[in-house]
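K.L.:
need a 3D model of the sequence below.
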Amino acid sequence: MGPTLAAPLVVSAIGTAAALLSITSFAPQIVKIWREKDASSVSLRTYVVTVAGFSCWIAYGVLIEAWPVIASNTACLLMSGAVLALKWRFDRKG
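P.N.:
Numbering: from 1, shown residues only. Predicted coordinates:
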């Protein structure tokens with residue numbers, strides 16, 4: 001039994017939704033840190049690992065030549081990198 005026309009559209013819609021949700025999930029943290037000028041509650045280790053993980057996903061996407069993997073993880077890397085940069089800038093421990 002072959003795939004129907006709806007199947008690729010559903011798959012694309014789910015993939016797009018997943019990418020958009022992943023990308024925007026960092027926005028509330030960025031806004032909170034920026035407004036409060038405080039990043040003391042953000043885990044440095046978590047965001048270092050997160051940035052490293054997205055970097056690996058981008059490398060994987062390049063190796064398999066999958067632009068959706070590259071694009072979505074690049075956007076996630078930028079957002080998580082922004083949190084990490086704000087952590088370094090506004091961390092009250094340092």
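K.L.:
could you pull up phi and psi at residue 40?
P.N.:
Residue 40 has phi and psi values of phi -70, psi -20 when expressed as degrees, to the nearest 10.
K.L.:
again with residue 65
P.N.:
Phi and psi for residue 65, reported as degrees, to the nearest 10, are phi 60, psi 50.
K.L.:
contacting residues around it?
P.N.:
With contact set as C-beta atoms under 8 Å, 6 or more residues apart in numbering, residue 65 has no partners. All C-beta atoms are positioned from the backbone trio N, CA, C, and that covers glycine.
K.L.:
so which residue is dead centre in this protein?
P.N.:
Geometric centre of the chain, nearest residue: residue 76, 2.3 Å, by C-alpha atoms, centre = their mean.
K.L.:
helices along the protein, start to end?
P.N.:
6-24, 27-36, 44-64, 67-90 (DSSP state H).
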